[in-house]
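J.: predicted model and sequence follow; I will ask about them next.
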Amino acid sequence: MFEYAPAPESRSIVNIKPSYGLFINGVFVDAGSGFKTVNPASEEVLAEVAEASKADVDRAVKAARAAYPKWTRLGGRERAKYLFRLARIIQERSRELAVLESLDNGKPIRESRDVDVPLVAAHFFYYAGWADKLNYAGFGPNPKPLGVAAQVIPWNFPLLMLAWKIAPALACGNTVVLKPAETTPLTALLFAEICQQADLPPGVVNIVTGAGATGAALVEHPDVDKVAFTGSTEVGRIIAKAVAGTQKKVTLELGGKAANIIFDDAALDQAVEGIVNGIFFNQGHVCCAGSRLLVQESVYDEVLAKLKRRMATLRVGDPLDKNTDIGAINSAEQLTRIKDLAQVGEKEGAEAWSPPCDLPSNGYWFRPTIFTGVSQAHRIAREEIFGPVLSILTFRTPAEAVEKANNTPYGLSAGVWTEKGSRILAIADQLRAGVVWANTFNKFDPTAPFGGYKESGYGREGGRHGLEAYLATR
Ligand code: NDP
């Protein structure tokens with residue numbers, strides 16, 4: 001591996017305040033208590049953030065309710081202007097957002113700068129374009145918004161998940177209360193400042209920080225009309241129960257255990273890039289990560305050798321260094337979860353391999369790891385590890401590949417690598433997964449709908465389909 005001199009992105013562009021309030025009705029307000037958010041790469045405390053109580057959540061929902069009639073009456077053309085303005089400010093402040101995201105989340109600057117933030121702006125641009133065309137979106141001649149949307153998001157793509165939730169909601173004429181994850185609140189709070197900068201009418205976007213209890217108070221609030229959640233299947237179940245029997249419209253985007261299927265006729269060097277991107281992108285903290293590799297037996301040895309060679313070139317370390325491929329694990333809890341499951345893998349008889357690499361002494365780190373000798377019954381082949389850990393299985397025939405790929409309670413995504421177009425179509429047709437990538441992996445675009453089957457949730461985000469979640473179509 002070439003030795004590169006460190007190329008750290010400067011953090012001076014970001015002005016992190018010592019403490020942050022809640023963003024309610026267009027202003028930052030204090031809450032009774034707070035919690036600290038840390039940089040997972042160094043364990044340094046970045047800021048103290050307000051913890052919203054039930055009463056604070058109520059204030060935020062009331063502000064969103066009060067803002068709703070005027071926001072809706074503005075009409076799509078006027079709402080679009082605000083969305084375009086938000087998108088442009090996001091672009092203008094993209095370096096600041098990317099550095100802050102890497103500091104609070106631990107993801108490499110290469111990803112926050114080149115993937116997350118550009119996609120965030122793209123989502124706002126895309127849904128700004130829809131705002132005045134809702135009559136032509138295929139949901140009836142004059143589709144109506146739902147009202148107040150309660151949105152709860154996870155820590156793996158903090159700003160991008162915010163964009164996936166807020167952009168379509170506002171375009172359709174809803175107002176929102178959003179709760180970011182406890183460990184990654186800072187870019188949502190910077191987005192709140194961007195809402196102020198864009199002169200967004202007060203109450204249209206409200207941001208309440210806090211932990212699980214704040215999220216629960218938000219989704220259970222009787223005056224919200226829509227619940228949108230991305231996170232674990234476990235919490236998704238709790239939310240589905242909490243809203244059952246109410247009029248609330250719900251979309252859930254939950255876990256995954258995607259199969260990435262490599263056929264023997266695939267371009268193997270490209271496939272290896274896809275395997276690496278599929279599982280090591282964002283430290284594997286990706287719901288649609290290609291965490292189960294299915295390799296056709298005849299090319300298994302070759303793929304494994306190429307994969308190991310490629311993994312030995314991955315740079316693990318400082319997320320702000322522009323050379324870094326794999327950053328920090330987002331929290332101590334997540335690191336424990338990954339370590340525990342990796343241990344289970346070894347105990348159950350699978351064999352772990354990681355390239356030699358030095359890890360920083362502070363912060364939360366896990367080496368990119370592959371497991372061979374994995375059988376379908378192993379927990380590492382069934383459960384979402386949500387870290388840089390790949391389980392490798394083999395197959396002999398296309399039918400076996402499909403059977404194994406679908407042998408999971410999840411159904412969010414999958415990948416197929418082959419040179420035959422007809423095989424791509426035939427296999428994709430049989431896979432029970434919301435997204436199937438062909439000869440690529442982890443590619444996202446605001447025009448493409450995203451969502452799961454089975455325990456991966458229901459509803460779609462992105463694209464024209466994503467509008468449906470925020471319109472009264474029943
Ligand atoms: P959670 O599902 O617990 O968190 C997602 C969001 O929901 C966070 O904002 C969380 O707040 C909030 N929340 C927690 N409990 C409740 C509740 N009862 N009602 C409403 N909102 C709630 O994910 P974790 O962060 O705990 O991660 C656990 C596992 O989930 C991971 O190991 C991974 O396997 C999976 N996961 C999957 C994701 C996906 O995109 N599919 C994303 C993140 C995690 P808080 O942050 O304060 O806990």
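T.: Thanks, I have it.

J.: wait, L119 touches L160, no?
T.: Yes. A contact is recorded between L119 and L160 when judged using C-beta atoms under 8 Å, the distance being 5.6 Å. Where you see a C-beta, it was placed from the backbone N, CA and C, and this is true even at glycine.

J.: those two: who's more crowded?
T.: For the pair L119 and L160, the greater number of neighbours falls to L160 (22 against 18), based on other C-beta atoms under 10 Å.

J.: what residues are up against that one?
T.: When the contact criterion is C-beta atoms under 8 Å, 6 or more residues apart in numbering, the partners of L160 are 116, 119-120, 123.

J.: take these and write them to CSV, including secondary structure, distance to P409 and pLDDT.
T.: Putting the contacts of L160 into CSV (DSSP: H, G, I helix; E, B strand; the rest coil; distance: C-beta to C-beta, whole Å; pLDDT from 0 to 100) gives the following:
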residue, secondary structure, distance to P409, pLDDT
D116, helix, 28, 98
L119, helix, 28, 98
V120, helix, 31, 98
H123, helix, 29, 98
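
J.: can you pick the most crowded of the residues you listed?
T.: Looking at the contacts of L160 with neighbours defined as other C-beta under 10 Å, the largest count falls to V120 at 32 neighbours.

J.: I'd like the distance between the closest residue to it other than its chain neighbours and G387.
T.: The shortest distance from V120 to any residue other than its chain neighbours is 4.2 Å, reached at A163 (C-beta to C-beta, 6 or more residues apart in numbering). A163 sits 24 Å away from G387, going by C-beta to C-beta, to the nearest Å.

J.: quick one: whichever residue of the stretch 351-474 of the chain sits closest to the ligand and T397, what's the gap?
T.: For the stretch 351-474 of the chain, the nearest residue to the ligand under the criterion C-beta to the nearest ligand atom is F386, separated by 3.6 Å. Using C-beta to C-beta, F386 is found at 31 Å from T397.

J.: neighbour count for the two, which is higher?
T.: Neighbours around F386 and T397, counted as other C-beta under 10 Å, are more numerous at F386. The numbers are 24 against 10.

J.: for the residue of the stretch 251-400 of the chain found nearest the ligand, give me its contacts.
T.: When distances are taken as C-beta to the nearest ligand atom, the stretch 251-400 of the chain approaches the ligand most closely through C287, which lies 2.9 Å from it. The contact partners of C287, by C-beta under 8 Å, 6+ apart, come to 156, 230, 253-256, 384, 412, 456.

J.: now S298
T.: Listed by C-beta under 8 Å, 6+ apart, the contact set of S298 reads D264.

J.: kindly report the same for I279.
T.: When contacts are taken as C-beta under 8 Å, 6+ apart, I279 is in contact with 260, 289-291, 293, 368, 388-390.

J.: same list (those) but as a markdown table, adding distance to the ligand, neighbour count and secondary structure.
T.: Converted to a markdown table, the contacts of I279 look like this (distance: C-beta to the nearest ligand atom, whole Å; neighbours: other C-beta atoms under 10 Å; DSSP: H, G, I helix; E, B strand; the rest coil):
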| residue | distance to the ligand | neighbour count | secondary structure |
| --- | --- | --- | --- |
| N260 | 17 | 28 | strand |
| A289 | 10 | 31 | coil |
| G290 | 14 | 29 | coil |
| S291 | 10 | 26 | coil |
| L293 | 18 | 28 | strand |
| P368 | 17 | 23 | coil |
| P388 | 13 | 28 | coil |
| V389 | 12 | 26 | strand |
| L390 | 15 | 28 | strand |
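
J.: out of these, who's nearest K308?
T.: Within the contacts of I279, distances to K308 taken as C-beta to C-beta reach their minimum at P368, with 10.5 Å.

J.: how much space between the closest one and D116?
T.: P368 sits 20 Å away from D116 when distances are taken as C-beta to C-beta.

J.: write out the residues of this protein neighbouring the ligand.
T.: The chain has residues 152-156, 179, 181-182, 211-212, 215-216, 219, 230-232, 235, 238-239, 254-255, 287, 334, 337, 384, 386 near the ligand, with proximity defined as C-beta under 6 Å from any ligand atom.

J.: now, those that are in strands?
T.: Secondary structure assignment by DSSP state E places 152, 179, 230 of the residues of the chain next to the ligand in strands.
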